[in-house]
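> Give me the fold of what follows.
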Amino acid sequence: MNDEVIIDSDNPDIPETETVNPDELSDGVEEVFKVKNKDGSTDVYIYKFDILTPARIFQAMKFIELHQEQLKNIPQTDMEVSIAAARETERHFYAAILCKQTAEDEYEPYNSTKVSSFSLLDKIRGKVEFEKLMRCKSDFFYNTNTLSLASIERLGDITSVLTKLTKEDPKIAKMLIDAAVQLNSTPVGKT
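Got it, this is the predicted structure:
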């Protein structure tokens with residue numbers, strides 16, 4: 001693996017591909033998407049968190065934040081709907097985390113200017129492929145310690161129920177506090 005770090009994206013010495021040493025990868029979610037092109041060739045896109053570069057990870061995290069802001073601030077006018085749709089935050093997110101394979105253990109570098117041509121989401125079909133996309137997204141959230149908006153909303157719902165219960169019965173509040181203290185004092189892996 002090349003240890004040299006190139007920061008200048010306009011540098012002509014940037015390699016055409018990102019090479020990954022398979023021996024350095026950990027076990028985890030890996031999804032492969034194969035798309036047949038009109039010319040008969042096949043494009044292969046792979047998600048595996050360990051092959052993502054920090055640039056891809058940070059870019060994807062930015063798009064998740066933007067997407068969650070869009071979900072919180074629902075568009076009110078036709079103009080706002082058009083702007084939100086034009087951003088295509090989901091497409092940008094998946095373009096950042098799905099790596100197009102160019103050769104064995106080599107991947108096309110992420111290029112934010114080519115996202116509009118990222119057509120994988122338009123080419124795959126069906127429940128199985130959609131479930132694979134959702135596993136990729138969940139694994140990315142897990143590996144970046146990011147919560148989805150739906151998870152945050154569920155936590156809010158749980159908190160509301162617990163708050164109501166503790167107001168009705170102070171014993172429940174004491175049990176919850178005792179359980180939290182015990183969890184915080186238990187070493188990791190010892191439950």
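> remind me which residues of the protein are low pLDDT?
1-27, 86, 116-117, 147-157, 180, 183-191 (pLDDT under 70).
> mind redoing it with 50?
Along the chain, the model assigns pLDDT under 50 to residues 1-15, 25, 188-191.
> which residues of it fall in strands?
Ranges of strands within the chain are 18-19, 30-36, 42-48, 99-103, 106-107, based on DSSP state E.
> can you list these in a markdown table and add mean neighbour count and distance to residue 162?
The way it works is simple: take the backbone N, C-alpha and C, and place the C-beta from them, glycine included. Below are the strands of the chain laid out as a markdown table (neighbours: other Cβ atoms under 10 Å; distance: least, Cβ to Cβ, whole Å):
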| stretch | mean neighbour count | distance to residue 162 |
| --- | --- | --- |
| strand 18-19 | 18 | 46 |
| strand 30-36 | 15 | 36 |
| strand 42-48 | 18 | 35 |
| strand 99-103 | 18 | 41 |
| strand 106-107 | 19 | 45 |
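> Mind checking the ones you listed for the one nearest to residue 115?
Among these, strand 99-103 comes nearest to residue 115, with 12.2 Å by Cβ to Cβ.
> Could you pull up the contacting residues of residue 124?
Contacts for residue 124 (Cβ atoms under 8 Å, 6 or more residues apart in numbering) come out as 33, 35, 130, 133.
> I'd like the residues you listed laid out as JSON lines, including distance to residue 112.
Shown next, in JSON lines, are those (distance: Cβ to Cβ, whole Å):
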{"residue": "33", "distance to residue 112": "20"}
{"residue": "35", "distance to residue 112": "21"}
{"residue": "130", "distance to residue 112": "25"}
{"residue": "133", "distance to residue 112": "20"}
